[in-house]
Structure formats: structure tokens, C-alpha cells
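**Student:** with the sequence up front, the predicted model follows.
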Amino acid sequence: QLQLVESGGGLVQPGGSLRLSCTASVNLDVYAIGWFRQAPGKEREGVSCISSRGGATNYPVSVKGRFTISRDNAKNTVYLQMNSLKPEDTAVYYCNVLLGLRPIADWGQGTQVTVSS
């Protein structure tokens, strides 16, 4: 069963940075991967995606220029570098395997990111 594990969340002040990691027990290097987030009372939304070899990435306007997705296939890990964090970035962050732009794996536990002074 394909399931991914997220880590790296925490409490950070506005303007701060965090790097999230996503890994799995299966090889991820054949899959496009997306990062998603869900804030309390809101629907889950995509915040970035990366192609299987890392040559293509995409971001919504809300995070573009602040978040960077990358991957190290040798380490079987996908990262989300988040800079200039804002309180509205507070959410549980998840990663998932993408088929087209659709997440297809079971959702993991996610990692909590809280941006607050």
C-alpha cells in the first residue's frame, strides 16, 4: 500500500522558514509528487507539485516566490522549503503521489505548521 510520511513541521514566527520532508517505503522516483495543506475549517489545497525527475514544478499564486519544492531521488525524499511564512500558511501539510494533478495515495498523518508570534 502506497503511503507517504511527512515531517519537518513546527511553530515558527511570521517571516520565518521551515523545510518539510516527504518520503515513503516505496521508490518515489517514478512519480510526480504534490504538497497540499489543510487549514482548520477549510478544504485541502495544493501548494506545489514536482515532476518525477524534478524538471518541472508548479505553484499557486498564494505561495509562489516563497515556497520551493525539490526532490532528491537518491534519498527518496521530496522537500518543501517554505520561506517568508505568514500566519495564513498555518495548516497541516501533506504530500501525495500525483496522477495528472490528482492525488492517488492514501493520505498520511501530515505535519503541522503553525506560523504565529
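**Tutor:** Right, received. Where do you want to start?

**Student:** angles on the backbone of S84, please.
**Tutor:** phi 50, psi 50 (degrees, to the nearest 10).

**Student:** tell me the spacing between the closest residue to it other than its chain neighbours and G54.
**Tutor:** Excluding its sequence neighbours, the residue lying closest to S84 (Cβ to Cβ, 6 or more residues apart in numbering) is R66, at 4.7 Å. Heads up, the C-betas are built off the backbone N, CA and C, glycines and all. R66 sits 19 Å away from G54, taking Cβ to Cβ, to the nearest Å as the criterion.

**Student:** go on, Q13?
**Tutor:** Distance, Q13 to G54, using Cβ to Cβ: 30 Å.

**Student:** more neighbours, these two?
**Tutor:** Between Q13 and G54, G54 has the larger neighbour count (other Cβ atoms under 10 Å), namely 16 against 10.

**Student:** and the closest residue to that one other than its chain neighbours, which of the three is it?
**Tutor:** Using Cβ to Cβ, 6+ apart and skipping residues adjacent in sequence, the residue nearest G54 is R71, 4.9 Å away. Following DSSP: H, G, I helix; E, B strand; the rest coil, R71 is assigned to strand.

**Student:** tell me who's in contact with R71.
**Tutor:** By Cβ atoms under 8 Å, 6 or more residues apart in numbering, R71 lies in contact with 28, 33, 50, 54, 77-79.

**Student:** over to I104?
**Tutor:** I104 neighbours (Cβ under 8 Å, 6+ apart): 2, 96-98.

**Student:** ok, Q13 next?
**Tutor:** Counting by Cβ under 8 Å, 6+ apart, Q13 touches 115-117.

**Student:** quick one, phi/psi of L80?
**Tutor:** According to degrees, to the nearest 10, L80 has phi -130, psi 110.

**Student:** relative to L2, how far out is it?
**Tutor:** With distances taken as Cβ to Cβ, L80 is found 19 Å from L2.

**Student:** so for those two, which residue has more residues nearby?
**Tutor:** Between L80 and L2, L80 has the larger neighbour count (other Cβ under 10 Å), namely 27 against 13.
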